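Engineer: This is a predicted model, with the sequence first.
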Amino acid sequence: MSDRSPGRSSSASSRGAARKILVIVAIVQFVIGGWFSWTASRAAPRELPVVVAADVRDVAGALRAAAPGAYRVEEVPDAAAADAALRHRKAYGAFVPGTREGAPELRLASAASPAAADALARQARELPGVRLSGVVDVVPADADDPHGAGAAMGFLPLLITAVIAGLLLVLKVRDMGARLLGVVGFAVLSGLLSSLMLTRLSGVLPGGWAVTAGVVALLELAMVAVITGLGSLVGPPGVAVGAVLMFVVGNPLSGMGSAPEMLPGVLGSVGQYLPPGAGASL
């Protein structure tokens, strides 16, 4: 007869399960932490769009020689065309004729990416044979968040709550029609409240409240729809897959903290096909 009591067997089983959980969670933490930190630490200009006015076209050659592959330089007719490229987010920076003869002026659109603007400004000041007459921010970042840190941090809760909403809708709502209503309702409510916080209360995003609300609502709708849809098809494992796509993959590849063109390899392009990347660009 075995001298093991049921209580001891249950306790041993519980300890074994606890050890497995701890090991699995630690490995997941290691992988996710490494992935997030690797993508952030490798951010640098890679084919970053820059325009150069025809009168200062020599700057293009200097920029290409100083940083091969870092910038995709295109020539435009004049300063007006350069400013238009910045305002329409076709470029992060522009070189135009300056106030001093032979000294170009650097114009930036830091609202599109403070990190890209900072990188280009540093590079421009170090260009051999080029002396800038000045630096002008044509499309500046919000004065309350000049480095974009607040916007990046405000973006993260949108992803987390989308995962939570998708999980709860799959676990707690059985009727498919009610789930669909929940997805749309959450997106609308999230858009209204998050826009109020980001544009009015914290003030980290420029622009109107209504436009921002629409962008946030579309972002949340896309994310929650994917997570809830996968969960409806295969249950909780589908929610897990959706969470990985949106948070683990989509967040670091969104370019929210830098720019898609600053991520390694094709990762920036891949990120733009996922809701977080598309939402960050909007």
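Structural biologist: Arrived safely, thanks for sending.

Engineer: what stretches of the stretch 1-150 of the chain score poorly on pLDDT?
Structural biologist: The model of the stretch 1-150 of the chain has pLDDT under 70 over residues 1-9.

Engineer: Strands of that one, start to end?
Structural biologist: 48-53, 71-76, 93-100, 103-108, 134-137 (DSSP state E, counting those that start in this stretch).

Engineer: what lines up beside the shortest one in the sheet?
Structural biologist: Looking back up the chat, that one is strand 134-137. strand 103-108 (parallel) (DSSP bridges).

Engineer: what do you get for the third one?
Structural biologist: Pairing partners of strand 93-100, with direction, according to DSSP bridges: strand 48-53 (parallel), strand 103-108 (antiparallel).

Engineer: Minimum distance to Leu201: which of those strands has it?
Structural biologist: strand 103-108 (27.5 Å; C-beta to C-beta). Glycine gets a C-beta too; all of them are placed from N, C-alpha and C.

Engineer: Need the CA coordinates for that closest one. PDB is fine.
Structural biologist: As requested, the backbone C-alpha atoms of strand 103-108 are provided in PDB (Å, rounded to 0.1, in the frame of the first residue of the first chain):
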ATOM      1  CA  ALA A 103      24.000  78.100 -47.200                       C
ATOM      2  CA  PRO A 104      20.900  75.900 -47.400                       C
ATOM      3  CA  GLU A 105      18.200  75.900 -44.800                       C
ATOM      4  CA  LEU A 106      16.800  72.700 -43.300                       C
ATOM      5  CA  ARG A 107      13.100  72.400 -42.900                       C
ATOM      6  CA  LEU A 108      11.500  69.700 -40.800                       C
END
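
Engineer: please renumber so the chain begins at 46
Structural biologist: Okay, residue one is now 46; in that scheme the one you just asked about reads as strand 148-153.

Engineer: Return the backbone torsion pair for Val184.
Structural biologist: According to degrees, to the nearest 10, the main-chain angles of Val184 amount to phi -120, psi 80.

Engineer: and the nearest residue to it once chain neighbours are set aside, how many neighbours?
Structural biologist: Nearest non-adjacent residue to Val184, counting by C-beta to C-beta, 6 or more residues apart in numbering: Ala154, 3.9 Å away. The number of residues packed near Ala154 is 25, by other C-beta atoms under 10 Å.
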